[in-house]
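Engineer: Just need the structure, nothing else, for what follows:
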Amino acid sequence: MNFERSKTEIVLFNEVLEFATANLNNDLVELDHDSAFPTDKWSSCSAFGVLAWATSKELGGAGHSVGTTTYLMEALGQGCEDNGLAFGLGAQMWSVQKLLSTFGTEAQINQYLRKLLQGESHAGFAITETGSGSDAFALNTTAILDGSHYVLNGHKCMITMAPIADFFIVFASTNPEAKQWGLSAFLVDADNPGCTVHNNNPKMGLRSIPFGEIDFTNCKVPA
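Structural biologist: As a prediction, this is how the structure comes out:
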């Protein structure tokens, strides 16, 4: 595999490094102290095109390859002293946005993905549970089909962006007996009845990006 960077990639790297250094490093002490989400910096990153890097041009993105996007994220991380912001951008880009662009229907892409790319909304990747962090296949959240809806019940923890997310991609078991082969992903709006999002969890690092817990109690999602 050839890891040599093209002239175009090097130019982009330097542009990203210059952008991050100039725009993403003010008020860091206050943000860290208050565990405050950097709304203005997130918007700046969106306007600069960060959130669109890994999405195809056909879906409104920049169309960069995984390799190029990773290289540009390296530049962002080098120039941005707020590791929380860089972490949050990467988490949304590689989890929620990648799943939507790969598996989403046209309606889901239009309703959810395009707003993420433009920085108009935020989303959480709800897979982690108290007893299933690294062992994601051991999750206990269930989704039982009931007529035209699935009914979700369970608890998620340490979900990046949860306290400010507009929606989640939620992993749940539709067939517990099948174990890892019975897992499915669901799009759930944060204001959906039965979906309760809790406040930001205090933590030692990445303090500018909120993490939170989510409870699903008879939360109905259209099949």
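Engineer: So what touches stretch 104-124?
Structural biologist: 42-43, 45-47, 51-52, 55, 59-61, 92, 96-97, 100-101, 159-162, 164-169, 187, 214 (Cβ atoms under 8 Å, 6 or more residues apart in numbering). All C-beta spots, glycine's among them, are computed from the backbone N, C-alpha and C.
Engineer: just the buried members of those residues?
Structural biologist: Among the contacts of stretch 104-124, those classed as buried by neighbour count (16 or more other Cβ atoms under 10 Å) are 42, 45-46, 51-52, 55, 59-61, 92, 96-97, 100-101, 159-162, 164-169, 187, 214.
Engineer: And the helix or strand bottoming out on mean pLDDT in the chain, what's buried?
Structural biologist: For the chain, counting by mean pLDDT, DSSP states H and E, helix 28-34 ranks last in confidence among helices and strands (a mean of 92). By neighbour count with 16+ other Cβ under 10 Å, helix 28-34 contains the buried residues L28, L31, D32.
Engineer: quick one: contacts for the most centrally placed residue in the chain?
Structural biologist: Nearest residue to the geometric centre of the chain (Cα atoms, centre = their mean): Q92, 2.3 Å. For Q92, the contacting residues are L51, L116, H122, A123, F125, T160, M161, by Cβ under 8 Å, 6+ apart.
Engineer: Name the member of these with the shortest distance to N192.
Structural biologist: The closest of the contacts of Q92 to N192 turns out to be A123 (Cβ to Cβ; 13.5 Å).
Engineer: Give me the buried positions along the biggest helix by length in the chain.
Structural biologist: Longest helix of the chain, by residue count under DSSP state H: helix 7-23. Judged by neighbour count (16+ other Cβ under 10 Å), helix 7-23 contains these buried residues: E9, L12, F13, V16, L17, F19, A20, N23.
Engineer: I figured the third one hits A75, correct?
Structural biologist: Put plainly, it is F13. Yes: taking Cβ atoms under 8 Å as the definition, F13 is a contact partner of A75 at 4.5 Å.
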